[in-house]
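Q: got a predicted structure plus its sequence, pasted below:
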Amino acid sequence: QVQLVESGGGLVQAGGSLRLSCAASTRTFSSYSMAWFRQAPGKERQFVATITRNSINTYYRNSVKGRFTISRDNAKNTVSLQMNSLKPEDTAVYYCAASTDVVLTAIPGRYPYWGQGTQVTVSS
């Protein structure tokens, strides 16, 4: 069982930056692939970024490539999402998720563990 707690959300103007963090309560954090998803009101949950257990590989949705960076610290059991050049369309609740899959995936159903989410609001 993995418990995930996100932090770092908030209100920011377009063009600004935020850094989200997710703390995992598990002794085997390095055995999980980690990801960030987001969900805007009235819309389906949407994949944002994912990272392998050893940080060697990452994968992003096209609309955030070059603006968002996912990283992890296995010694601290944390995964982060640095978000730069934010746009109003990035507004959503952002969720951290963990998977035991070896291959990176953008499918929410492949992630059995989820945090409670943190709100990100980008004003125009």
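A: Alright, I've got the coordinates.
Q: now for Thr78: which residues touch it?
A: With contacts defined as C-beta atoms under 8 Å, 6 or more residues apart in numbering, the neighbours of Thr78 are 21-24, 72. The way it works is simple: take the backbone N, C-alpha and C, and place the C-beta from them, glycine included.
Q: confidence score at it?
A: Note for Thr78: predicted pLDDT of 98.
Q: check Val12 too.
A: Val12 is given a pLDDT of 98.
Q: next SSE after the helix or strand it falls within?
A: Using DSSP states H and E, Val12 sits within strand 10-13. Sequence order places strand 18-25 as the next helix or strand after strand 10-13, per DSSP H and E.
Q: can you give me phi and psi for the most centrally placed residue in the chain?
A: Closest residue to the average C-alpha location of the chain: Trp36 at 2.1 Å, with C-alpha atoms, centre = their mean. With angles defined as degrees, to the nearest 10, Trp36 sits at phi -120, psi 130.
Q: ok so, going back, name every strand pairing with the strand holding Val12 and say which way it goes.
A: strand 118-123 (parallel) (DSSP bridges).
Q: tell me the average confidence for the partner strand?
A: 98.
Q: go on, stretch 91-100?
A: On average, stretch 91-100 scores 97.
Q: buried residues in that stretch?
A: Using 16 or more other C-beta atoms under 10 Å as the test for burial, stretch 91-100 gives 91-99.
Q: picking that back up, which one of the contacts of Thr78 has the most neighbours?
A: Within the contacts of Thr78, most neighbours by other C-beta atoms under 10 Å means Cys22, with 25 neighbours.
Q: now it: how far from Trp36?
A: 8 Å (C-beta to C-beta, to the nearest Å).
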